[in-house]
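>>> I'd like to go over a predicted model; first the sequence, then the structure.
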2 protein chains.
Amino acid sequence: MRDPSADRIDPRAVRSRRRAVDAALELIRELGAGRTTMEAIAARSGAAKTTLYRQFGDLETLLFAAFESLTGPPAIPVAAGVVADVRSWLHQFAEVLTTDEFAPWVPAMIDVAERDEHGHALAVDFAARRRLPLRTRLSVALDAGELAADTDIDTLVSMLVGPLFYRRFISRQATSFAFVDQVVDSALGSLVTSSA
Amino acid sequence: MRDPSADRIDPRAVRSRRRAVDAALELIRELGAGRTTMEAIAARSGAAKTTLYRQFGDLETLLFAAFESLTGPPAIPVAAGVVADVRSWLHQFAEVLTTDEFAPWVPAMIDVAERDEHGHALAVDFAARRRLPLRTRLSVALDAGELAADTDIDTLVSMLVGPLFYRRFISRQATSFAFVDQVVDSALGSLVTSSA
DNA sequence: AAATTTCGCTACGCTTGCGTAGCGAAACGG
DNA sequence: CCGTTTCGCTACGCAAGCGTAGCGAAATTT
């Protein structure tokens, strides 16, 4: 009997997993999570269904693995004054929402989160990680006295990113440069301490 | 040959349509649009598939009919000062987001809008109709000089409802009374003319 | 290098969903 | 009322997807 504690890694399994996850991401983007099937993932990834079942157990697990493969850490805003930092971060974020980096999968995640218990947890976690840099930067500002002492950070985050999400996924209006600026000014305007 | 211009209405067809739409709504809520099938709608509505195909042509049309059956006109804010009116409307809206009136179908619509051309149009239209009362109220305020003359109404609307959508569908945090108040204050605070 | 485990494929049976053909029954028009 | 039209159902064939059994090939251990 071999050592059970040693995590063996068969290179074939690794390749299969990666290909399956990539194929799943493509299919979710094209068809949505609901219409993505094991059969299609197997076909597109080139792997056999048996392999996928052995690697992931079931479709849900595979889809979630695909979602989690998206969670690259977002850029961290540097320090140069809250307003300026937040402004540049939010502009960057607005830009990201127009690319294929993660925006195309957000609707699928929103959908899954509404109906599936695990999906709910996944989405909550994903969102929390995504906004962490912004949240951290605001926390630092609060501690440094750059923001009014009674500022609620979570509320502030929602007021900053909420309008962007709304425009991208709900009203589907364009987010102009001026729009982002106004959001920043409005959200932070009354909170920045005059001293800073 | 009968008069082709007379829109005959067979009561059986009317019943079938209504039942099908209701069943579709239930299924979309439970499974998402992607997993909702003709078979399931037929089974739950009690109608035969043939009937559904005759009435709607295809699944997409039926699903869209279901979505559109949701679009009840939202309440119209009355006049009593912009800030107060908007505040009460937004509190009411936050409440609606916690009920089964239309919130459970928003994720499905977001998902469909991202992938389907018709779905996109439907969602845009739906969102526009939903925010119309708020938009109108703000327009009135602008015309009345209650808001700064250079105010962009659409931006303002996004800053008001965006944070609520974000909390309900993305971060899935609770929207407290205080949260809504802060959103209103922040968005309108600097815009209301001191005279009003 | 030999023994052993894991991998990945083909092939299969089963279930679900699709979309239609054809037939009585119900609703409408004269 | 009586002909005509529409409705709704049962029944069907077909395609897609599911999940697994069994077997050679590849990788790992000793």
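Yep, that arrived.
>>> got the phi/psi numbers for A:Gly46?
As for A:Gly46, its main-chain torsions (degrees, to the nearest 10) stand at phi 90, psi 0.
>>> quick check: it vs A:Asp10, distance?
Distance, A:Gly46 to A:Asp10, using C-beta to C-beta, to the nearest Å: 17 Å. Any C-beta I mention is one placed from the backbone N, CA and C, and that applies to glycine too.
>>> tell me the SS of A:Asp100?
What DSSP: H, G, I helix; E, B strand; the rest coil gives for A:Asp100 is coil.
>>> excluding chain neighbours, give the residue nearest to it in space.
Distance criterion C-beta to C-beta, 6 or more residues apart in numbering or on different chains; nearest residue to A:Asp100, sequence neighbours excluded, is A:Arg29 at 7.9 Å.
>>> A:Gly46 and A:Asp10 - which one has more neighbours?
For A:Gly46 versus A:Asp10, neighbours defined as other C-beta atoms under 10 Å in any protein chain shown are more numerous around A:Gly46 (12 against 8).
>>> just for chain A, where's the confidence low?
A:1-9, A:11, A:191-196 (pLDDT under 70).
>>> biggest helix in it, by residue count?
helix A:117-143 (DSSP state H).
>>> for that helix, buried residues please.
With burial defined by 16 or more other C-beta atoms under 10 Å in any protein chain shown, the residues of helix A:117-143 counted as buried are A:119, A:122-123, A:126-127, A:130-131, A:133-135, A:137-138, A:141-142.
>>> among those, which two are most distant?
With C-beta to C-beta as the measure, no two of these lie farther apart than A:Gly119 and A:Ala141, at 33.4 Å.
>>> and chain A, which residues reach DNA strand C?
Within chain A, the positions near DNA strand C by C-beta under 7 Å from any atom of the strand are A:1-2, A:8, A:10, A:12-13, A:15-16, A:46-51, A:54-55.
>>> swap the cut-off to 6 Å and go again
Neighbours of DNA strand C within chain A, by C-beta under 6 Å from any atom of the strand: A:1-2, A:10, A:12-13, A:15-16, A:46-51, A:54.
>>> give me the buried entries from these.
Among the residues of chain A next to DNA strand C, the ones that count as buried (16+ other C-beta under 10 Å) are A:16, A:47, A:51.
>>> leaving aside the residues next to it on the chain, what's closest to the last one?
Leaving aside its chain neighbours, A:Thr51 sits nearest to A:Ser16 (5.2 Å; criterion: C-beta to C-beta, 6+ apart).
>>> hang on, the earlier thing: ok, the residue nearest to A:Asp100 - how many residues close by?
Residues within reach of A:Arg29, counting by other C-beta under 10 Å, total 19.
>>> sorry, back to before: the residue nearest to A:Thr51: what's it in contact with?
A:45, A:47, A:51-52, A:55 (C-beta atoms under 8 Å, 6 or more residues apart in numbering or on different chains).
>>> one step back: does the longest helix of chain A reach chain B?
Yes. Counting by C-beta under 8 Å from any C-beta of the partner chain, contacts between helix A:117-143 and chain B involve A:120, A:123-124, A:127-128, A:131.
>>> quick one: list the elements packing against that helix.
helix A:59-68, helix A:82-96, helix A:106-115, helix A:153-165 (3 or more C-beta pairs under 8 Å, 6 or more residues apart in numbering or on different chains; DSSP states H and E).
>>> neighbouring contacts of the longest one?
By C-beta under 8 Å, 6+ apart, the surrounding residues in contact with helix A:82-96 are A:74-75, A:77-79, A:102-103, A:133-134, A:137-138, A:141, A:146-147, A:160-161, A:164, A:175, A:177, A:180-181, A:183-184, A:188, A:192, A:196.
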